[in-house]
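Participant: Coordinates for the following, if possible.
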Amino acid sequence: MKVSKLLTGIIISFLLSGCGTAEVTSAPASGTEPEKEPPVEERTKIDRFQIEERTQIDRIFESYDSNNAPGCATAVYQNGDTLFSKGYGIANLDYGIPISDSTAFYMTSLSKQMTAAAAGLLVVRGELDPNLEVSEYIDDWPDWAAGVKVEHLFSHTSGLPDVYDLMSIHGISISNVMDLDDYITVVKMGESLVFGPGSKYAYNNSDYTALAYLIEKISGEKFSQYVDQELFGPLGMHSTHFHDDRHHVVPNRAMSYEKSANGFRQTYLGNFQGVGPGGLYSTINDWHRWESFWNGNLEWNGGISADEAIELKRMMTTPYVAGGDPLDYGMGLQINTRKGTLENGHSGSFMGFQTDYRRYPQYGIAMVTLCNRADGNPQQLNNQMADILLKEHFEAYLSPYKGTYRSEELSAEFKVTIEGGKLKLNRRLSPKGFMTETGKNKWSAESLDMVFKRNGSGEVSSVLLSTSRALDVEFHRKNE
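Facilitator: Alright, predicted model coming up:
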């Protein structure tokens with residue numbers, strides 16, 4: 001590649017300026033081929049949860065471990081068994097109650113996978129047809145929303161305006177006392193679709209409000225009662241419920257907070273009782289049973305059958321398609337790849353609660369982190385735990401990128417190393433630091449975009465660097 005003297009000078013000053021660290025959470029790799037989920041008995045096992053790993057997790061949560069501030073509860077599971085669980089910080093600042101594995105958290109959008117499971121069960125039983133329009137089930141469904149099918153609700157591809165945006169437009173406070181009928185009435189107050197149904201993806205709380213409403217219409221029961229009858233009760237999740245009654249007593253309930261000038265202020269909305277896209281309360285202990293259910297090693301009686309569970313889980317983890325392109329979303333679950341590994345999960349934020357759930361099916365590993373403070377970052381915490389637990393597997397995926405890269409024309413070089421299960425760009429000055437995966441063989445570090453090229457044998461042979469001032473400057477990997 002020929003480079004002019006002026007551009008050479010710019011690139012040399014840019015590329016030779018660099019080497020340090022910066023924490024960046026790895027993003028899902030669009031276009032990366034995920035590894036298929038093997039049977040439980042074939043999954044890689046973590047034989048023992050070492051003291052060293054416990055110490056590393058404690059270090060990750062160190063800033064949340066306080067006796068006078070809200071914090072987080074976390075757990076790590078393998079093949080449905082709990083490897084580690086612990087609470088950090090305070091659940092209720094009024095009474096100084098510490099967070100534990102029995103603290104009940106508002107689960108934010110982790111609720112969606114439960115709503116999807118309940119509605120999906122109706123699909124498995126043939127009582128709800130995903131290919132039919134919603135108007136086939138709801139008599140007064142608005143004409144402007146014609147064409148929206150049930151499957152579009154599961155996948156956030158309906159084009160419906162978001163229910164909370166509509167509430168804001170119409171001056172309806174989120175703290176108003178409202179039930180499911182009220183929320184679906186707000187959905188119907190929209191005037192037009194944002195886009196054609198099925199044409200694209202846009203995360204949307206109206207979709208899961210409508211799913212919860214469909215469950216009531218078809219089952220003839222309250223949404224919360226149906227989910228408890230078919231899922232929570234039979235699975236032994238007795239500290240889990242959809243909170244559609246603000247007067248419902250929630251034992252060990254965590255309050256939520258945000259930082260203020262005087263420490264923390266409470267952000268919990270006592271009147272809120274919306275369900276479907278949110279509304280779920282649960283505990284670390286109960287989530288263990290949900291994870292055991294997913295891994296096929298939970299025994300239960302009543303409600304969903306074992307055969308129905310198998311089909312339901314298959315459906316929930318199958319990506320939808322919008323506009324001809326596969327989505328990173330199934331039914332209430334994000335379906336991504338991280339460092340070459342299939343990852344299912346979801347995150348959420350509401351009322352000062354922050355939650356995140358990640359599963360790595362190939363290894364039977366999962367983690368859930370629940371925080372009752374608005375500045376919590378549970379997805380980052382879960383990613384850091386995954387980097388510890390799956391370090392060897394992640395490093396095996398990253399290893400082909402490691403090495404020294406040089407441009408003879410520019411007389412410049414840099415190194416890519418692996419540290420703590422992450423790729424790191426080593427230079428004297430910016431851009432530098434830990435690298436974020438943005439696509440297949442595509443990475444970034446701060447303002448620098450990197451596209452790695454492979455030879456006929458599949459080995460990484462060079463990298464193209466791009467910035468706002470230079471495009472596709474090639475550096476070749478040295479044989480070392």
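Participant: For the protein, give me the ranges with low pLDDT.
Facilitator: Scanning the chain with the threshold set as pLDDT under 70 gives 1-49.
Participant: Check it for its longest strand and report it.
Facilitator: strand 341-350 (DSSP state E).
Participant: Show me which positions of that one end up buried.
Facilitator: By 16 or more other CB atoms under 10 Å, the buried positions in strand 341-350 come out as Thr341, Leu342, Glu343, Asn344, Gly345, His346, Ser347, Gly348, Phe350. In this view, the C-beta of every residue, glycine as well, is placed from N, C-alpha and C.
Participant: same question, stretch 288-308
Facilitator: Buried residues in stretch 288-308, defined by neighbour count with 16+ other CB under 10 Å: His288, Arg289, Trp290, Glu291, Ser292, Phe293, Trp294, Asn295, Leu298, Trp300, Gly303, Ile304.
Participant: Now the fifth one: which helix or strand?
Facilitator: Read that as Ser292. Secondary structure assignment for Ser292, by DSSP states H and E: helix 284-295.
Participant: Report all helices and strands that that helix contacts.
Facilitator: Packing contacts for helix 284-295, counted by 3 or more CB pairs under 8 Å, 6 or more residues apart in numbering; DSSP states H and E, involve strand 72-78, strand 81-88, strand 353-360, strand 365-371.
Participant: One more pass at 6 Å, please.
Facilitator: strand 72-78 (3 or more CB pairs under 6 Å, 6 or more residues apart in numbering; DSSP states H and E).
Participant: partners of the strand it packs on, with directions?
Facilitator: If you go by DSSP bridges, strand 72-78 pairs up with strand 81-88 (antiparallel), strand 365-371 (antiparallel).
Participant: Tell me if Met385 really is in a helix.
Facilitator: Yes: assigned with DSSP: H, G, I helix; E, B strand; the rest coil, Met385 falls within a helix.
Participant: What's the local residue count around the residue lying closest to it once chain neighbours are set aside?
Facilitator: Excluding its sequence neighbours, the residue lying closest to Met385 (CB to CB, 6 or more residues apart in numbering) is Met367, at 5.3 Å. For Met367, the tally of surrounding residues (other CB atoms under 10 Å) stands at 27.
Participant: I figured Met367 hits Gln78, correct?
Facilitator: No: between Met367 and Gln78 there is no contact under CB atoms under 6 Å: 10.0 Å.
Participant: all helices for the stretch 51-200 of the chain, in order.
Facilitator: Using DSSP state H, counting those that start in this stretch, the helices of the stretch 51-200 of the chain run over 51-60, 111-124, 150-155, 163-169, 180-188.
Participant: which stretch among those comes nearest Leu390?
Facilitator: The stretch from the helices of the stretch 51-200 of the chain with the least distance to Leu390 (CB to CB) is helix 51-60; that distance is 11.4 Å.
Participant: relative to strand 72-78, how tilted is that closest one?
Facilitator: With axes from the mean of the first three to the mean of the last three CA atoms, to 10 degrees applied, the angle from helix 51-60 to strand 72-78 works out at 150 degrees.
Participant: What residues sit buried inside helix 51-60?
Facilitator: For helix 51-60, burial by neighbour count (16+ other CB under 10 Å) applies to Glu53, Gln56, Ile57, Ile60.
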